[in-house]
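K.L.:
structure for this input, please:
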Amino acid sequence: MPLDSAPAHSASYRRRRFLNWFPMGLTYAFLYMGRYNLTVAKNALGDLMNKEDFGLIFGIGTLVYAVSFLVNGPVTDKVGGKKAILASAIGAGIANLLMGGYIRSLILSPGSLPFDLVTTMSVLYAINMYFQSAAAVAIVKVNSSWFHVRERGGFSGIFGTMIASGVFFAFSVNEWVLAWTRTWGPEGATSSWWVFFFPAGLLLVMAVLESVLLRDRPGQAGFQDFDTGDASSGTGDMPLATIVKRVLTNPILLTVACVEFCTGVLRNGVMHWFPIYAKEVWVLPASHPLRNGSWEHWPFIVAALCAGVVLFLLGARTKGRARVAFVSVGAIVTLLPFLQAGWGGWLFVAGVIGGNVAGYVSDWLFQSRRAPAAGFLYILVFVCTLGMLPTLGHSPAVVGWSEERKVPLKPGDQVLSVNGVPLQADDSWAAVSRAVQCVPSACKGDGVAWDRARCLCTREARDPDAPEAAASLAGVSQGNPPPAPARPDGSPSPNTVRVATDKAVLRFEVRRGDETVALVMDDPMPSAEAGDQRSLAAGPQVSLPPWYLGFFVFLLSLGVIGTHGLLSGTATMDFGGRKGAATAVGMIDGFVYLGTAVQSVSLGYLTSQDWRYWPLFLAPFAILGLLLLSRIWNARPAGAGRH
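P.N.:
As a prediction, the model looks like this:
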């Protein structure tokens, strides 16, 4: 059989291969569930774990996750993917059991354990993330022996779809677990420990299943091992040091790593910052499809999923173009409900489409050359960064939507001042949000004080005493009526709408039609824990519909997610070979996280100056990635036995 051709596998081999990779995909999805359950638990725990505590715990875990790749990659190449994925599932499962047990003790028997929350959860979550990192390298390691180079593009799309489902296990299913177990604990505790116990149980069950089903190579499952046509073709056994040296000095893999550095900048530069833009600039309501979304239209969801199943079944009974048509339309119909599920749903759809298109195109059109498929996706990414700039729009200090049961503001109101602080005529809604945030709150917790510079309660307040803030808050919180808002020229406002006077209040002056109206409402956050910031149940008019920018960031996400799966998931197998695949994944994912760090620091500064810098910062990395891909455009793995 020529190495350039994929082998003609028997039906029994394909069934056995499915039993190998499908449980691994589920295990990885459940690992997501046991990775981001910390976020769900934090929201349920409230004051027990404030935002600063959460940020520290999660930050330490993420750092451990990134560094662990450099260790677990070579180790996995030495011991095999099966041992690595079992260690990952068992280790993460036990870590989640310990975290759940600690949270349960903290809620039911406070003070019974001599360990504080931040230290304990930081250590346990770091252990969890160390074992989590072994899973990604294990998956690539195992599949490098089961899939020929010419098959890996299509498989990367299928497997990427399963991994994308992990996002929904992490957030949606964990929320369902939380709601389902709410009555199992004491009043108010919400039994939040179950979001750790439940994924722990699933991971331990999958570890048992994997120990029975998973095999590192076809030869261990009763089939013939075959030459996969990658960089390990024709090579014998090599010491681990030699494998690591070959991977780290491979010019193609080093180029792929540099491309993935750009992918790390672009992927997280959109995935992380678009929801921040949607909340900070547009201030979209939480139920908007481009923010958190909603699943309330369940008849549509059920109908779409049923229609998708029918189309898939029809596709299974047909052949040729008819099969392709049925399966493609079925996939699109099945994905439609996820577009109303918020930004996570849009990313899921982008991941499914991008991963499958990139993988199949690289196999079918480019004879398993990954760079051309990734290159065309990078062209799409560059075009989208240019399209982002004119669609950012502008959000003036004019109300576009409001929850009138919570706030007296109405659509069309132009905000003139907040608690006596005047706004300029050309101020954006960000000035309104900032003024609302900077109304002092009473801070809760030992050592927590109001930070006037950052407008929140913190343990590291830049001005802990904040005499003016304390005096201002004391006046309104003791029931003293606030001074009536005035017009910009100092004269009394002719119309005052009062909502309450016996609590801390917020005061607005707005232009409503031809009149200037004073509005008073209860403070939605009279007291706060460290890290909390006040917000309004209202948002601005926007100069352009959000869907314009949403269209470009969706396509951009499709491009970078497809590229990431193709390069980190498939090219690492091709050029690292069966023997060095895990080491290659570890190195390349390390570059992805380096790019993530660069964009995080850079965009954190640039977007605080002007959001127009956002796409301008991303565009050069799209060009750089494309230029790097052009250097390996025709690269294919060339093992020692290839001729």
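K.L.:
residue 556 contacts residue 269, doesn't it?
P.N.:
No - the pair residue 556 / residue 269 is not scored as a contact, 9.0 Å apart, by Cβ atoms under 8 Å. Every residue, glycine included, has its C-beta placed from N, CA and C.
K.L.:
out of these two, which sits in the busier spot?
P.N.:
Neighbours per residue, other Cβ atoms under 10 Å: of residue 556 and residue 269, the larger number sits with residue 556, 29 against 25.
K.L.:
for this protein, which helix is longest?
P.N.:
helix 572-609 (DSSP state H).
K.L.:
buried set for it?
P.N.:
572-593, 595-596, 598-600, 603, 606-607 (16 or more other Cβ atoms under 10 Å).
K.L.:
can you check stretch 275-285 too?
P.N.:
For stretch 275-285, by 16+ other Cβ under 10 Å, it's 275, 277, 278, 279, 281, 282, 283, 284.
K.L.:
now stretch 29-41: mean pLDDT?
P.N.:
What stretch 29-41 shows for mean pLDDT is 86.
K.L.:
CA atoms of that stretch as PDB?
P.N.:
Below are the C-alpha coordinates for stretch 29-41, written out as PDB (Å, rounded to 0.1, in the frame of the first residue of the first chain):
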ATOM      1  CA  ALA A  29     -16.000  16.700  27.600                       C
ATOM      2  CA  PHE A  30     -16.400  15.600  31.200                       C
ATOM      3  CA  LEU A  31     -13.000  17.000  32.000                       C
ATOM      4  CA  TYR A  32     -14.300  20.400  30.800                       C
ATOM      5  CA  MET A  33     -17.200  19.800  33.200                       C
ATOM      6  CA  GLY A  34     -14.800  19.300  36.000                       C
ATOM      7  CA  ARG A  35     -12.600  22.200  34.900                       C
ATOM      8  CA  TYR A  36     -15.100  25.100  34.700                       C
ATOM      9  CA  ASN A  37     -17.400  23.900  37.500                       C
ATOM     10  CA  LEU A  38     -15.500  26.400  39.600                       C
ATOM     11  CA  THR A  39     -17.200  29.200  37.800                       C
ATOM     12  CA  VAL A  40     -20.700  27.700  38.400                       C
ATOM     13  CA  ALA A  41     -19.800  27.000  42.000                       C
END
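K.L.:
quick one: residues in contact with it.
P.N.:
49, 54, 57-58, 61, 88-89, 92-93, 95-96, 103, 121, 125, 128-129, 132, 135, 162-163, 165-167, 169-171, 173-175, 178, 192, 195-196, 198-200, 202-203, 206 (Cβ atoms under 8 Å, 6 or more residues apart in numbering).
K.L.:
likewise for stretch 322-333?
P.N.:
304, 307, 308, 309, 310, 311, 312, 314, 315, 316, 318, 352.
K.L.:
drop anything exposed from these.
P.N.:
Applying 16+ other Cβ under 10 Å to the contacts of stretch 322-333 flags 304, 308, 311, 312, 314, 315, 352 as buried.
K.L.:
now do the strands in the chain.
P.N.:
399-402, 414-418, 421-422, 442-443, 449-451, 456-458, 495-498, 505-512, 515-522, 527-528, 538-540 (DSSP state E).
K.L.:
weakest of the ones you listed in terms of mean pLDDT?
P.N.:
Out of the strands of the chain, strand 495-498 stands lowest, with a mean of 38 (criterion: mean pLDDT).
K.L.:
now do the same contact list for the closest residue in space to residue 513 that isn't next to it in sequence.
P.N.:
Nearest non-adjacent residue to residue 513, counting by Cβ to Cβ, 6 or more residues apart in numbering: residue 412, 7.7 Å away. Residue 412 makes contact with 398, 399, 512, 513, according to Cβ under 8 Å, 6+ apart.
K.L.:
and for residue 223?
P.N.:
13, 16.
K.L.:
how near is it to residue 21?
P.N.:
Counting by Cβ to Cβ, to the nearest Å, the gap from residue 223 to residue 21 is 14 Å.
K.L.:
domains of the chain?
P.N.:
1-228, 240-286+367-394+545-643, 399-540 (automatic domain parsing).
K.L.:
which residues does stretch 101-111 contact?
P.N.:
With Cβ under 8 Å, 6+ apart as the criterion, stretch 101-111 contacts 41, 45, 48, 112-113, 115, 117, 120-121, 124, 185-186, 189, 192-193, 196.
K.L.:
using TSV, please lay out the domains of the chain together with distance to residue 339.
P.N.:
TSV is the format used below for the domains of the chain (distance: least, Cβ to Cβ, whole Å):
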stretch	distance to residue 339
domain 1-228	14
domain 240-286+367-394+545-643	9
domain 399-540	21
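K.L.:
circling back: average pLDDT for the longest helix of the chain?
P.N.:
Here the average pLDDT along helix 572-609 is 82.
K.L.:
who are the packing partners of it?
P.N.:
On a contact count with 3 or more Cβ pairs under 8 Å, 6 or more residues apart in numbering; DSSP states H and E, helix 572-609 meets helix 51-79, helix 117-146, helix 240-248, helix 251-271, helix 273-280, helix 613-631.
K.L.:
rank these by pLDDT, which is bottom?
P.N.:
When those are compared on mean pLDDT, helix 240-248 scores lowest, with a mean of 74.
K.L.:
list the contacts for the nearest residue to residue 121 once chain neighbours are set aside?
P.N.:
Of all residues not flanking residue 121 in the chain, residue 57 sits nearest, at 4.9 Å (Cβ to Cβ, 6+ apart). By Cβ under 8 Å, 6+ apart, the contact set of residue 57 is 38, 49, 118, 121, 122, 125.
K.L.:
do that again at 10 Å, thanks
P.N.:
For residue 57, the contacting residues are 38, 42, 49, 99, 117-126, by Cβ atoms under 10 Å, 6 or more residues apart in numbering.
K.L.:
buried set for stretch 32-40?
P.N.:
For stretch 32-40, by 16+ other Cβ under 10 Å, it's 32, 33, 34, 35, 36, 37, 38, 40.
K.L.:
make JSON lines out of those and add distance to residue 358.
P.N.:
Output for those, formatted as JSON lines (distance: Cβ to Cβ, whole Å):
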{"residue": "32", "distance to residue 358": "21"}
{"residue": "33", "distance to residue 358": "26"}
{"residue": "34", "distance to residue 358": "28"}
{"residue": "35", "distance to residue 358": "25"}
{"residue": "36", "distance to residue 358": "25"}
{"residue": "37", "distance to residue 358": "30"}
{"residue": "38", "distance to residue 358": "31"}
{"residue": "40", "distance to residue 358": "31"}
